[in-house]
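Participant: I'd like to go over a predicted model; first the sequence, then the structure.
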Amino acid sequence: MSANSSNLNQDTIDLDRLHAAVKREKQDLQPGAEPVPMWVIFLAMVVAVIAGGQLGMMTGGWKFETANPFLASTPLDPRPGSGADAQTADPFQTAMKKGSSGYAVCGGCHQGNGLGIPGQFPPLAGSEWVMGGTERLIRVVQHGLVGAITVKGQGYNTPGGMQAFGAAMSSTDLANVLTYIRNSWGNEATMITKEMVEKVRSEEKRSQQWTESELAPFAEKNVPGEIPAGPGATVKPSV
Ligand code: HEC
């Protein structure tokens, strides 16, 4: 070989080396082994996230609303929902259901529609006695009421008044019925709990029915412990 050809060879070797290096770095694409396009990877990730969420929901517990960090600042509505599990789990719905059957003892006088009987039994629908202070309401049902009273601008003075229910009904039953009458026929107010009824019971020492003037100091008073319930609950919890 001449010097020239040796030079040429040198070049050829360099080129071969270069090719080899390039081949090492970037191997020939074989059919079926092409790199996956970006959009396919992206789509797969989106599918995985959604499918994972669905799986989580189906297998219980996991919810988009609670797991979504963008919704985290939106407080979950504490008021009763309408779904199947709200019916069973929500204390308000439970109280309403039990209160509606407990109301049978009141309905004979105040009527199923809560409107009472004019001149005889005052209405509970729209009554300030029902939706006002929870302390007066609990006391009325606990020990009854007698004498002249005014409800929605109408005077009532039914002989004998209303009997006491405190002895006949448990605190839970009373609480449920009161929650029911505060949230039926268009009434919207906070729940009354068993604890609230018990608190009034423990403070109330009397054996005769209340009169309107005796209860006046409690007309706007709320027993601590109310929780908001029902759409647009109006009575603010007292402290
Ligand atoms: C036997 C009939 C009778 C029954 C049963 C009865 N009430 Fe009454 N209720 C009355 C009468 C009469 C008055 C008005 C008393 C007065 O004139 O002083 C009254 C007054 C009230 C008031 C205050 C006024 C108003 O209309 O808001 C409430 C609240 C009330 N009753 C709730 C109840 C609840 C709750 C029950 C069932 C646990 C019940 N009552 C059962 C006859 C009855």
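Facilitator: Received, thanks. Keep in mind the model is a prediction, meaning the values are calculated, not measured. Numbers count the residues shown, from 1 in each chain.

Participant: need the residues of this structure near the ligand, please.
Facilitator: 105-106, 108-110, 121-124, 127, 129-130, 137, 140-141, 145-147, 149, 151, 156-158, 161-162, 165, 177, 181 (Cβ under 6 Å from any ligand atom). The C-beta positions use only the backbone N, C-alpha and C, and glycine is treated the same way.

Participant: show me where pLDDT drops low in this structure?
Facilitator: 1-13, 26-28, 60-62, 64-89, 226-239 (pLDDT under 70).

Participant: in it, which spans are helices?
Facilitator: 3-25, 38-58, 64-67, 84-89, 91-102, 104-110, 128-131, 134-143, 171-182, 194-203, 212-215 (DSSP state H).

Participant: got those helices as TSV, with distance to Lys221 and mean neighbour count columns?
Facilitator: As requested, the helices of the chain are exported to TSV (distance: least, Cβ to Cβ, whole Å; neighbours: other Cβ atoms under 10 Å):
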stretch	distance to Lys221	mean neighbour count
helix 3-25	84	10
helix 38-58	45	11
helix 64-67	37	11
helix 84-89	31	11
helix 91-102	21	18
helix 104-110	22	15
helix 128-131	13	20
helix 134-143	4	24
helix 171-182	15	24
helix 194-203	10	17
helix 212-215	10	16
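
Participant: so how far is Asn157 from the nearest residue to Pro91 once chain neighbours are set aside?
Facilitator: The shortest distance from Pro91 to any non-neighbouring residue, by Cβ to Cβ, 6 or more residues apart in numbering, is to Met191 (7.4 Å). Look at Met191 and Asn157: by Cβ to Cβ, to the nearest Å, they are 31 Å apart.

Participant: pick out whichever of the two has more residues nearby.
Facilitator: Met191 (27 against 12; other Cβ atoms under 10 Å).

Participant: ok, that one touching Phe92?
Facilitator: Yes - the criterion here is Cβ atoms under 8 Å, and Met191 meets it with Phe92 at 5.7 Å.

Participant: show me how the chain divides into domains.
Facilitator: 3-67, 84-218 (automatic domain parsing).
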